[in-house]
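> Whatever this is, show me its structure:
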Amino acid sequence: MKTTIQSPKVYLIGAGPGNPELITVKAVKAIEKADVILCDRLVSPEILETYAQAHTEIIYVGKECSKNASTPQSHINTLMVEYAHQNKTIVRLKGGDVSIFSNILDELQALKDNRIPYEIIPGITAALGAAAFAGMPLTARGYSTSVRFLTYYKSDILNEEYWKELALTSDTLVFYMSKGNLTKLVEKFRQLGISEDKKIAIIEQATTPYQKVYTSSFEDFNRTFGNKTFVSPSLVVVGKIVNLHEEFAWLENTEKEGLYFKSVENGSLIPKNQNFFEYAV
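Residues are numbered from 1 along each chain as shown. Presented below is the predicted three-dimensional model:
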């Protein structure tokens, strides 16, 4: 019979959507006492530079499917368990909120199976951060009464009946990991007769110094953005609330070009005393 490790524990933490000031106080306290940080790609480097201790071992285990550069989930699970059995305090640091479109269930199961105590610390998810920084209240009165978080990273993930319901709903729709299928998404909604008072917004690198917001009607989308490649990460918002962006946007699109979140080599160990950007290229 395995012995339960009582202390230390694994902290599963949401680091927020990009802006380092959007991390929670509770998350910072856990990061400051971590011996090991297993870090996703979509985490602000400033968070690590500011709060991780000099002795902290930082291991990048991010996923970048478009470049076939994803760390296997089984490897991440193994690292958590192995370090926990070495009596180290581990932070599993994810972008946005730890429970929204992440593999937290696999990680929880691995920790439970090995009787390792853990704590979940929520973060501001990308949908909330992007909408706020774009001046689009997700459930603005008179525009939407609810919001749905979805993903459309492959064509068969949503069935035909659900597409029909999405086209007719008054809910705000937020699509994660869907920029690669934008043309199909727009065409699908057009075929199903989405109302003219609904628009689409694409928010690139939300809450970072490189944030850009693009909006369009469904009718004009292909003509305006059909040949554009949007930067990762990009969030897609569909609904009447997109009309509010023009009136209530408090942050102008930056003229800067660049990537806030750098591509990283899978599982590479970045020494704490080295500059993040020297390695994350």
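> Now do the strands in the stretch 1-150 of the chain.
10-14, 36-39, 57-60, 90-94, 118-121, 147-151 (DSSP state E, counting those that start in this stretch).
> could you dump those to TSV with distance to residue 235?
C-beta coordinates here come from the backbone N, C-alpha and C atoms, glycine included. TSV is the format used below for those (distance: least, Cβ to Cβ, whole Å):
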stretch	distance to residue 235
strand 10-14	15
strand 36-39	21
strand 57-60	22
strand 90-94	16
strand 118-121	22
strand 147-151	10
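> neighbours around residue 89, how many?
If you count neighbours by other Cβ atoms under 10 Å, residue 89 ends up with 18.
> For it, grab phi and psi.
phi -90, psi 120 (degrees, to the nearest 10).
> what residues are up against it?
Listed by Cβ atoms under 8 Å, 6 or more residues apart in numbering, the contact partners of residue 89 are 8-9, 11, 33-36.
> Least confident secondary structure element in this protein?
helix 276-279 (a mean of 34; mean pLDDT, DSSP states H and E).
> returning to what we had before: from the contacts of residue 89, which ones fall inside helices?
Counting by DSSP state H, none of the members of those fall within helices.
> Going by distance to residue 113, which of these wins?
residue 9 (15.4 Å; Cβ to Cβ).
> Check what pLDDT the closest residue in space to that closest one that isn't next to it in sequence gets.
In space, residue 9 comes closest to residue 117 once its chain neighbours are excluded; the distance is 4.2 Å by Cβ to Cβ, 6 or more residues apart in numbering. pLDDT, residue 117: 96.
> phi, psi of residue 117?
Residue torsions, per degrees, to the nearest 10, at residue 117 are phi -70, psi 150.
> quick revisit: mind giving me CSV with the contacts of residue 89 and columns for neighbour count?
As requested, the contacts of residue 89 are arranged in CSV below (neighbours: other Cβ atoms under 10 Å):
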residue, neighbour count
8, 18
9, 16
11, 23
33, 13
34, 25
35, 16
36, 21
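> so which one among those has the lowest pLDDT?
Among the contacts of residue 89, residue 8 has the lowest pLDDT, at 68.
> For the chain, just list every one of the helices.
With DSSP H as the criterion, the chain has helices spanning 25-32, 45-51, 73-84, 104-113, 126-133, 160-168, 182-191, 221-225, 245-248, 276-279.
> Surely residue 41 and residue 233 touch.
No - at 9.1 Å, residue 41 does not count as touching residue 233 under the criterion of Cβ atoms under 8 Å.
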